[in-house]
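Visitor: Show me the folded form of this:
(chains A, B and C)
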Amino acid sequence: MNEAELRKKIRAAVDDARAKNPMAPSVTNTVTQDFVANAQLAVGGSAAMLYLPDECEAIASIAPSVYINMGTALPFYAETLPRMIRALADNKTPWVLDPVGIGMSALRTELLRQMKQFPPTIIRGNASEIIAVARLWNLIDAQAIGNVRGVDSTDEVGSARSAAIILADYIKGAVAVSGPEDLITDGRSIAYSAGGSPLMTKITGGGCSLGGVMAVYLAVTDPFTAAITATAAYNAAGLFAASNTTAPASFKVAFIDALYENSAAIVAENALRLEEV
Amino acid sequence: MNEAELRKKIRAAVDDARAKNPMAPSVTNTVTQDFVANAQLAVGGSAAMLYLPDECEAIASIAPSVYINMGTALPFYAETLPRMIRALADNKTPWVLDPVGIGMSALRTELLRQMKQFPPTIIRGNASEIIAVARLWNLIDAQAIGNVRGVDSTDEVGSARSAAIILADYIKGAVAVSGPEDLITDGRSIAYSAGGSPLMTKITGGGCSLGGVMAVYLAVTDPFTAAITATAAYNAAGLFAASNTTAPASFKVAFIDALYENSAAIVAENALRLEEV
Amino acid sequence: MNEAELRKKIRAAVDDARAKNPMAPSVTNTVTQDFVANAQLAVGGSAAMLYLPDECEAIASIAPSVYINMGTALPFYAETLPRMIRALADNKTPWVLDPVGIGMSALRTELLRQMKQFPPTIIRGNASEIIAVARLWNLIDAQAIGNVRGVDSTDEVGSARSAAIILADYIKGAVAVSGPEDLITDGRSIAYSAGGSPLMTKITGGGCSLGGVMAVYLAVTDPFTAAITATAAYNAAGLFAASNTTAPASFKVAFIDALYENSAAIVAENALRLEEV
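Guide: Below is the predicted model:
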């Protein structure tokens, strides 16, 4: 993977999302739906949040890409998600998984376990969540490090490096690990993306909405480029927003505005380094 | 219908909503509830979102008006909505329907079909949704044009003109079709309302919250005036907000602020033209 | 209770929440979750919203404090809440109740009735809600005054004074009554906290998010101090935000920013007077 080539693909993804206005529907948590939808719209996509089994199954066959975020698992997910992930696999529809809250209940664990058989195209999470998925799917030693505290990570990005590579290899897609410097891998190359702001951790839904934006880009490009483009767009917008605000609510407004105003060049030129596995 | 008279009624509706602070409860989608509630408060109303069958049935008999938005249908709507719309009819409580997502699942279709027998007082949607309701209720030819893509319209406002008139006539209320220029009809007259901003399509919940604001005005005036007043308030606020902002998140803040600060005169004098059917 | 001592404890609570970043998970309404979570983050806490019975039961045994807000009761609360409140009692985990919507349905009434046996540590509500809880638990005469209109209070703060004292005494915790001047009592002392802004009633979720912030402080201090600290933080932030904005959406942004920027001294020195019962 050549860096110049990658930056060219990022630039194209930013432009294509705006030109094609892809609808990337979600099953996502009730807390941050507004942020997810507004972030998807800001980068040029369109949003729809769904719950019912039959419509989630149906949308899986017509949407160009889909987002599933486990943040607030609801009782009827027991029917909705198995039907949906099977339909996604049957239709080869690419999709993004945010395994937030992994390990918190029997239902979440069972649903996430089923996703080993019907895998996502991109997995996005913090270090603890990525390690937990790899462990749940028996891709790494069950004794491997990794701790989740509710929705927060207690591990460093670097500690998830090998879990991310193994997972990306297994799903034949991309894995994105959020942290001070973000790590994205397709199992062969690793991209490190920098920028953003500590204020991102002071607003709810930064990670959730990033997953939704990855789903928008996944409708117009390959998984590795989609995950990197969304991450770079977030890092560029966060950096810009933090240069104008110092408190979380005005930061959030400035951040979404910046996502909307990001040029393709700004996203493509955001700090990025590549490493071969 | 005389234009001067209509503007007088709009002015009175804006003032009355602020004076009477009517509570217009909703069954509405989980994505945009915050926006719906804040918009209802901004124009002087009060908000409450509900899900349980018995309380939705009970509120239908005591609220001055109600809002039902189908955006995120949930499994228990199968019990909640039939009981609620029957109670709304029994109590002659006026209500606003936003049929967003029409056609996406068996449950939505069945619930919307039942509303033919227990009809809303105002139906608000984009052109595709309005055509789809008229078709579902067999009021127009099933072959008539009209396409819904998830929550987005793929039809022009003008193409929904006859469906809107037929629907308004059937429900003996008003139908509002959102678009670059909005069309509102009571089946005899058509009001065209202009203003707003393309940025309205870059934030989630513009249409949903407009329906909630129509429900607030419906508590203090007739359906046709309520639908026009809400639309004019949105167009005036959108125009003002767009004069001060160029990106979606700051636009949304400015828009809600403008809804709150709109004088009755500003809403009544917003661009409006009348046409007899 | 000595005023200087109380102000010292408030100052310590503000600092401790920022230092310890306590996670205060919620079962809370779908309308204002974004506001609750962002307010909890702004004061230094962490947020997670949950629905499933088993994970609500599990979190009750590991969280330092919990928040339950009844705003939008959902069908499965019938299983989630009884298991959760029993686990909270078994583990002596302190928790905050916001009984919003009390009396609106059989399920809400039944759930709130059960909380008499497994009582919260803090109850936060408007005057009507506090009176309604005391009446539901047969702690005051069923004929006692008190009216709830949906989510709004129709009673004055002063009229809830005795109900608040009796309730605080019963739960051996604290009761907070919101109003133009807020009343907080532990059954022995009463603290009156002033500040805020009328604009707080023009945005949705002011009360809900205050309850969430009380839960954050409850993780680091005693119930009476936690309730006062959160109320003082809100009053100080509201006062500051209202000095810079005149409309609700920009007020909300400024308010959350101010919550984040509030120094411990500002919160501790906010207008407060003490009275012995």
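Visitor: hey, let's count contacts and neighbours off CA atoms from now on
Guide: Noted.
Visitor: how about A:A17, what does it touch?
Guide: For A:A17, the contact set (C-alpha atoms under 8 Å, 6 or more residues apart in numbering or on different chains) comprises A:V43, A:G44, A:G45, A:V216, A:Y217, A:A219, A:V220.
Visitor: Same question for A:T201.
Guide: Going by C-alpha under 8 Å, 6+ apart, A:T201 touches no other residue.
Visitor: thinking again about what came up before, and which of the contacts of A:A17 is nearest C:G238?
Guide: A:V43 (33.1 Å; C-alpha to C-alpha).
Visitor: Surely that closest one is in contact with A:A13?
Guide: No - judged on C-alpha atoms under 8 Å, A:V43 makes no contact with A:A13 at a distance of 10.3 Å.
Visitor: if I look at A:K172, how far off is A:K9?
Guide: To A:K9, A:K172 is 19 Å away according to C-alpha to C-alpha, to the nearest Å.
Visitor: more crowded one of these two?
Guide: More crowded of A:K172 and A:K9, by other C-alpha atoms under 10 Å in any protein chain shown: A:K9, with 19 against 16.
Visitor: Which positions in the stretch 151-277 of chain A make contact with chain C?
Guide: Applying C-alpha under 8 Å from any C-alpha of the partner chain, one finds that the stretch 151-277 of chain A approaches chain C through A:V151, A:K202, A:I203, A:T204, A:A247, A:P248, A:A249, A:S250.
Visitor: show me what contacts the nearest residue to the fifth one once chain neighbours are set aside?
Guide: Okay, so that is A:A247. Closest residue to A:A247 apart from its sequence neighbours, by C-alpha to C-alpha, 6 or more residues apart in numbering or on different chains: C:D257 at 5.0 Å. Residues near C:D257 by C-alpha under 8 Å, 6+ apart: A:A247, A:P248, A:A249, A:S250, C:A42.
Visitor: Quick check: which element contains C:D257?
Guide: Assigned by DSSP states H and E, C:D257 belongs to helix C:248-261.
Visitor: Likewise for A:R124?
Guide: Judged by DSSP H and E, A:R124 forms part of strand A:122-126.
Visitor: Can you give me every residue that contacts the residue minimising distance to the centre of chain A?
Guide: Nearest to the geometric centre of chain A sits A:G211, at 2.8 Å (C-alpha atoms, centre = their mean). When contacts are counted by C-alpha under 8 Å, 6+ apart, A:G211 touches A:Y67, A:N69, A:V96, A:L97, A:D98, A:R124.
Visitor: The helix or strand hosting it vs strand A:122-126, what angle?
Guide: Assigned by DSSP H and E, A:G211 belongs to helix A:206-218. Counting by axes from the mean of the first three to the mean of the last three C-alpha atoms, to 10 degrees, helix A:206-218 lies at 160 degrees to strand A:122-126.
Visitor: and helix A:206-218 with helix A:248-261, angle?
Guide: Orientation check (the same axes, to 10 degrees): helix A:206-218 against helix A:248-261 gives 10 degrees.
Visitor: How far off centre is the helix or strand just after helix A:206-218?
Guide: Sequence order places helix A:223-242 as the next helix or strand after helix A:206-218, per DSSP H and E. Taking C-alpha atoms, centre = their mean, to the nearest Å, one finds helix A:223-242 lying 11 Å from the centre of the chain it belongs to.
Visitor: average pLDDT across helix A:223-242?
Guide: Mean pLDDT, computed over helix A:223-242, is 98.
Visitor: In it, which residues are buried?
Guide: A:223-242 (16 or more other C-alpha atoms under 10 Å in any protein chain shown).
Visitor: CA atoms only: put that helix into PDB for me.
Guide: Only the C-alpha atoms of helix A:223-242 are listed here, as PDB (Å, rounded to 0.1, in the frame of the first residue of the first chain):
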ATOM      1  CA  PRO A 223     -13.300  -1.100   3.800                       C
ATOM      2  CA  PHE A 224      -9.800   0.000   4.600                       C
ATOM      3  CA  THR A 225     -10.100   3.300   2.800                       C
ATOM      4  CA  ALA A 226     -13.600   3.900   4.300                       C
ATOM      5  CA  ALA A 227     -12.300   3.400   7.800                       C
ATOM      6  CA  ILE A 228      -9.300   5.600   7.300                       C
ATOM      7  CA  THR A 229     -11.300   8.300   5.500                       C
ATOM      8  CA  ALA A 230     -13.900   8.600   8.300                       C
ATOM      9  CA  THR A 231     -11.100   8.600  10.900                       C
ATOM     10  CA  ALA A 232      -9.200  11.300   9.100                       C
ATOM     11  CA  ALA A 233     -12.300  13.400   8.600                       C
ATOM     12  CA  TYR A 234     -13.000  13.100  12.400                       C
ATOM     13  CA  ASN A 235      -9.400  14.000  13.300                       C
ATOM     14  CA  ALA A 236      -9.300  17.000  10.900                       C
ATOM     15  CA  ALA A 237     -12.700  18.300  12.100                       C
ATOM     16  CA  GLY A 238     -11.800  17.700  15.800                       C
ATOM     17  CA  LEU A 239      -8.600  19.600  15.400                       C
ATOM     18  CA  PHE A 240     -10.300  22.500  13.700                       C
ATOM     19  CA  ALA A 241     -13.100  22.600  16.200                       C
ATOM     20  CA  ALA A 242     -10.700  22.600  19.100                       C
END
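Visitor: remind me which residues of the stretch 151-277 of chain A are low pLDDT?
Guide: A:151-154 (pLDDT under 70).
Visitor: 90 - rerun?
Guide: Scanning the stretch 151-277 of chain A for pLDDT under 90 picks out the ranges A:151-159.
Visitor: residue contacts, A:N38?
Guide: A:I256, B:K202, B:I203, B:T204 are the contacts of A:N38 under C-alpha under 8 Å, 6+ apart.
Visitor: run the last query once more with 7 Å
Guide: Counting by C-alpha atoms under 7 Å, 6 or more residues apart in numbering or on different chains, A:N38 touches B:I203, B:T204.
Visitor: likewise A:P53?
Guide: Counting by C-alpha under 7 Å, 6+ apart, A:P53 makes contact with A:E79, A:T80, A:R83.
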